[in-house]
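Engineer: I'd like to go over a predicted model; first the sequence, then the structure.
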Amino acid sequence: MSFQAYLDTIEVKTGLTPRQLITLAGERGFKDPATKAGTIVDWLKEDYGLGRGHAMALVHVIKNGPRIDSKHVGTAGAHRDDSDELWLDGKASRPAD
């Protein structure tokens, strides 16, 4: 599953876009570099029913922003993404490629 696919699935499961969840994480103080990933994972599991893999994808974005390593762009593997910039504003509003 690509990184973007994880984020799209999070939106389907929670009804919130990744950007909305990032805003909620910020309101809880989770953007603080001292916040451990496990704290965020626990919140996402308890409040939204996300599993560890999906939660960790969102942790990456909360902590590092929407850029991913370009080594995953254009590869043939299952984790291939089309861009090194993830779309955070919802599947329906993503521009066509």
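Structural biologist: Great, that's in hand.

Engineer: what is the rounded mean pLDDT of the helix or strand containing T39?
Structural biologist: According to DSSP states H and E, T39 maps onto helix 37-48. Per-residue pLDDT values across helix 37-48 average out to 98.

Engineer: show me what contacts the most centrally placed residue in the chain?
Structural biologist: Central residue of the chain (CA atoms, centre = their mean): L58, 3.1 Å from the mean position. When contacts are counted by CB atoms under 8 Å, 6 or more residues apart in numbering, L58 touches Y6, L7, I10, P18, L21, I22, A25, I40, L44, L50. All C-beta atoms are positioned from the backbone trio N, CA, C, and that covers glycine.

Engineer: again, 7 Å this time
Structural biologist: Under the criterion of CB atoms under 7 Å, 6 or more residues apart in numbering, the neighbours of L58 are I10, P18, L21, L44.

Engineer: so the first one versus H60, what's the distance?
Structural biologist: Relative to H60, I10 is positioned 12 Å away (criterion: CB to CB, to the nearest Å).

Engineer: more neighbours: those two, which one.
Structural biologist: Using other CB atoms under 10 Å as the criterion, I10 and H60 rank with I10 on top: 22 against 18.

Engineer: so which strand or helix has that one?
Structural biologist: Per DSSP H and E, I10 falls inside helix 3-14.

Engineer: in terms of secondary structure, what does that helix contact?
Structural biologist: helix 18-27, helix 52-64 (3 or more CB pairs under 7 Å, 6 or more residues apart in numbering; DSSP states H and E).

Engineer: got the contact list for I22?
Structural biologist: Going by CB under 7 Å, 6+ apart, I22 touches V61, I62, L88.

Engineer: what's the spacing between it and G74?
Structural biologist: Using CB to CB, I22 is found at 26 Å from G74.

Engineer: tell me the bridge partners for E85.
Structural biologist: Counting by DSSP bridges, E85 forms beta bridges with R67.

Engineer: kindly state the pLDDT recorded for E11?
Structural biologist: Note for E11: predicted pLDDT of 97.
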